[in-house]
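Student: Quick check, what structure comes out for this input:
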Amino acid sequence: MTLKLMRALALWTGCLALMVISVLPLSLVVQASAAFGALTLVTGGWLLAGRRSVRLGGSLGLDEFRALPGSNYRLPVVLVCGEGSAALFAGDADADVDAAEQRAVRTTASGCYVGVPNIERLPGVAAALLAVRPQWRAQLSVMFVLNPAQHADNAVLAGQIRALSHQLSLIRRRALTLPLWVVSYQPASLNGCDIRGTGFSGEEGGSSTESVWFSWENGEPSARVRNNGTCVSVEDWQRQNAAALTDRLHIAVQMNTHAAWLAQYFAPHFARIGRHRTPLPVAYAICRVPRLPEQVPGSVWQQSIQGKTALVPTHLTGGTGGVLPVPDSLLELLPRHTGNSAARRAAVIGIWLTAFAAVVAMSSSARQNTLLIRQVGDDLRRYASINETAREDQQAVALRETALTVLHDHARRLDDYYRYGEPRSLGLGLYRAEQLRIRVWHAIGRYRAPTEMAQAPGPVRLDTLSLFNIGSAELKAESTQVLINALVGIKARPGWLIVVTGHTDATGSAEQNLRLSRDRAASVRDWMQRMGGIPGSCFAVQGYGASQPIASNDTEQGRRANRRVDIRLVPEEGACGSLSAGAGPATPVAFRGTR
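Tutor: Have a look, this model is predicted:
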């Protein structure tokens, strides 16, 4: 990915972070801190992207790869590695220094080949190439050169193959899957050998110098022969030249043996199953060359042939120069890249970042709306449950007033959302509290203030000595002032039932005391009804005689306290028809006098 794309992603990530922060239900201080942190991360990502680009470009060693094609190059680009790969880039020994510096790149009419110094540097070279040529992402492939005639130890060769598998898995972890080619070169000199006891000597003639590629593609059991832009089966290739049919039959047998050796030693290291499984080679390709540089005596190829046939090679012809051919004819199997994969990858990353930010914002908004609806709904139900009780005591009134205050707060809050729009933390099309606002105002409108409960005072007890003579039920003239005082308290409670009860001491017979107490209560009632204009229906007269003493009748003082007339007000609705109109319920009031 280019530096511009990485920095564009960093900026887009910062914008998304700021939008998400503005949606989250955070305080201003926390939002400011989070925004500052997001800007700091964006700045750090901006600087790190620049440093990464410089580092990758330096690790590629562009001084050695100045022959790379331009960024508009659309042909396959092959990373070449392996012990025998240097021979594909060998130049003239008399070439100048600049040509020697450019020897790691070889461009042909069909593709570009970039040499990798060693297998361990394969991921770094791939990443560096994509840093300076991000358009090449879909054009890259890996070609592993495996020449059995250049290896003397099977264990060392197996180690190189395992190292290749590991490096390819590392590249795959970076979301980059590179097609793998296995290319091998078979020197014609290895086939000319004298087998003791048989007198057999092979000779291929001119066909040994042809740049002919035998390829086993995509796991197919039969080989294809590619040469000069043609691709035919082995049988058709053999029939093309009747004069060289015998040589070509020998070559086909040798190629099949060589391919079987490649499959035996190479494929098992790429068949394991894992999270980062390395892909099998897309093709095994073998080419016959006149000579192979740096051949070793007793190579693994000679050991394999000797182990299967017991034939001992008598001579080995090697070479020290020349450039090995590259498999241009096989590059046509790779797809031609026509778009900017780096831009597509950046777009995909941006889409995923946007989707993640949208999910976070929508989840936060949904949660906040759920909490708001739950809070208002719970407070409405609590208020309804308190308002349904018929209790008018102090505790119930306090609870009802508290619940009403909470509803008023909700109403003001929801009204602000209705008039000025809901906040971003509740927006994004998920706000659903408008119906609750109407319900809250309906609940507030049904509220009725509790009526004040009037408390009835205790009874007024009138001493009978100040009202009546002994044994008499007729009011004294001087009792007027006492009765007027009692009447004032009664007129202050219009519409209440006035209960007048008479009491005596225990002196005399019970029947006489009962009659006397009732007559005295009736006298008080008649005076108040006459003087106060109070309807008779507002009075209740009762005589108890000596049955309800308030003191002991054994003493003079106690008997005097027991001789009394009590006047009590009872808040009985509808007790007085004419005076109760317009009067609400009130608490009872009592008046005390003397007998």
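
Student: Please verify my assumption that P148 contacts S184.
Tutor: Yes: with contact defined as CB atoms under 8 Å, P148 reaches S184; the gap is 7.1 Å. Glycine gets a C-beta too; all of them are placed from N, C-alpha and C.

Student: Need the overlap of contacts for these two.
Tutor: H258 (CB atoms under 8 Å, 6 or more residues apart in numbering).

Student: So for the chain, which residue is the most central one in space?
Tutor: V360 (5.6 Å; CA atoms, centre = their mean).

Student: nearest spatial neighbour of it, skipping sequence neighbours?
Tutor: Spatially, and ignoring its direct neighbours in sequence, V360 is nearest to V20 (5.3 Å; CB to CB, 6 or more residues apart in numbering).

Student: Spit out the contact partners of the one you found.
Tutor: Taking CB under 8 Å, 6+ apart as the test, what V20 contacts is 357, 360-361, 364.

Student: Quick check: it vs L331, distance?
Tutor: As judged by CB to CB, to the nearest Å, V20 and L331 stand 47 Å apart.

Student: average pLDDT for the strand or helix carrying A10?
Tutor: Counting by DSSP states H and E, the element that carries A10 is helix 3-23. Helix 3-23 shows a mean pLDDT of 82 in the predicted model.

Student: can you give me how far that helix is from the chain middle?
Tutor: 17 Å (CA atoms, centre = their mean, to the nearest Å).

Student: Break down the stretch 1-150 of the chain into its strands, ranges please.
Tutor: With DSSP state E, counting those that start in this stretch, the ranges of strands along the stretch 1-150 of the chain come out as 77-81, 105-107, 112-115, 140-145.

Student: Does the shortest one pack against any helices or strands, and if so which?
Tutor: The elements that strand 105-107 packs onto, with contact taken as 3 or more CB pairs under 8 Å, 6 or more residues apart in numbering; DSSP states H and E, are strand 112-115.

Student: And the strand it packs on, what does it pack against?
Tutor: With contacts defined as 3+ CB pairs under 8 Å, 6+ apart, strand 112-115 has these neighbours: strand 77-81, strand 105-107.

Student: what's the closest of those to D153?
Tutor: strand 77-81 (18.7 Å; CB to CB).

Student: The closest one pairs with which strands?
Tutor: The pairing partners recorded for strand 77-81 under DSSP bridges are strand 112-115 (parallel), strand 140-145 (parallel).

Student: okay, the angle between the helix ranked longest in the chain and helix 3-23?
Tutor: The longest helix of the chain (DSSP state H) is helix 341-387. Helix 341-387 runs at 0 degrees relative to helix 3-23, counting by axes from the mean of the first three to the mean of the last three CA atoms, to 10 degrees.

Student: And the next helix or strand past helix 341-387?
Tutor: That would be, after helix 341-387 and using DSSP H and E, helix 394-420.

Student: what about the helices in the stretch 151-300 of the chain?
Tutor: Ranges of helices within the stretch 151-300 of the chain are 154-173, 234-239, 245-266, 300-309, based on DSSP state H, counting those that start in this stretch.

Student: for the stretch 401-550 of the chain, that is, sorry about that
Tutor: Under DSSP H, counting those that start in this stretch, the stretch 401-550 of the chain gives helices at 434-445, 464-467, 480-491, 510-532.

Student: Give the full set of residues in contact with the residue nearest to Q31 when sequence neighbours are not counted.
Tutor: Using CB to CB, 6+ apart and skipping residues adjacent in sequence, the residue nearest Q31 is I21, 5.7 Å away. If a contact means CB under 8 Å, 6+ apart, then I21 has 31, 34-35, 38 as its contacts.

Student: In CSV: the residues you listed, plus neighbour count and pLDDT.
Tutor: Output for the contacts of I21, formatted as CSV (neighbours: other CB atoms under 10 Å; pLDDT from 0 to 100):
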residue, neighbour count, pLDDT
Q31, 15, 81
A34, 17, 85
A35, 16, 86
A38, 18, 85
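
Student: ok, these vs V376, which is closest?
Tutor: Q31 (24.9 Å).

Student: For the closest one, give me its contacts.
Tutor: So Q31 contacts 21-22, 24 (CB under 8 Å, 6+ apart).

Student: Over to D505?
Tutor: By CB under 8 Å, 6+ apart, D505 lies in contact with 513, 546, 549, 553, 558-560, 562-563.

Student: what's the answer for H442, then?
Tutor: Per CB under 8 Å, 6+ apart, neighbours of H442: none.

Student: And it, how close does it get to D236?
Tutor: 92 Å.

Student: roughly how far apart are the residue nearest to Q31 and L39?
Tutor: Using CB to CB, we find I21 at a distance of 11 Å from L39.

Student: Please apply the same query to A32.
Tutor: Using CB to CB, A32 is found at 11 Å from L39.

Student: Domain parsing of this structure, as residue ranges.
Tutor: 3-318, 345-445, 460-592 (automatic domain parsing).

Student: Redo those as CSV? Include distance to P325.
Tutor: Output for the domains of the chain, formatted as CSV (distance: least, CB to CB, whole Å):
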stretch, distance to P325
domain 3-318, 5
domain 345-445, 35
domain 460-592, 116
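
Student: could you dump stretch 555-570 to CSV, C-alpha only?
Tutor: Coordinates of each C-alpha in stretch 555-570 appear next as CSV, following Å, rounded to 0.1, in the frame of the first residue of the first chain:
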residue,chain,number,x,y,z
THR,A,555,-64.4,12.9,96.6
GLU,A,556,-66.2,16.1,96.2
GLN,A,557,-63.7,17.3,93.7
GLY,A,558,-64.1,14.2,91.6
ARG,A,559,-67.9,14.4,91.7
ARG,A,560,-67.8,18.0,90.6
ALA,A,561,-65.6,17.0,87.6
ASN,A,562,-68.1,14.3,86.6
ARG,A,563,-71.0,16.8,86.6
ARG,A,564,-70.5,18.3,83.0
VAL,A,565,-71.8,18.9,79.5
ASP,A,566,-69.5,17.9,76.6
ILE,A,567,-69.9,19.5,73.2
ARG,A,568,-68.0,17.6,70.4
LEU,A,569,-67.9,18.4,66.6
VAL,A,570,-67.9,15.4,64.3
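
Student: Please identify the buried residues of it?
Tutor: Buried residues in stretch 555-570, counted by 16 or more other CB atoms under 10 Å: 559-569.

Student: Now tabulate the helices of the stretch 401-550 of the chain in TSV and tack on distance to A411 and mean pLDDT.
Tutor: Listed next are these as TSV, based on distance: least, CB to CB, whole Å; pLDDT from 0 to 100:
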stretch	distance to A411	mean pLDDT
helix 434-445	5	80
helix 464-467	61	76
helix 480-491	45	78
helix 510-532	50	88
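
Student: Arrange the ones you listed in TSV, one row each, with distance to W12 as further columns.
Tutor: Putting the helices of the stretch 401-550 of the chain into TSV (distance: least, CB to CB, whole Å) gives the following:
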stretch	distance to W12
helix 434-445	35
helix 464-467	101
helix 480-491	86
helix 510-532	92
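
Student: Any idea which of those helices gets closest to R172?
Tutor: Among the helices of the stretch 401-550 of the chain, helix 434-445 sits nearest to R172 (CB to CB), with 53.3 Å.

Student: circling back: list the buried ones in the helix holding A10?
Tutor: By 16+ other CB under 10 Å, the buried positions in helix 3-23 come out as 3, 5-10, 12-14, 16-18, 20-21, 23.

Student: Nothing else from me, thank you.
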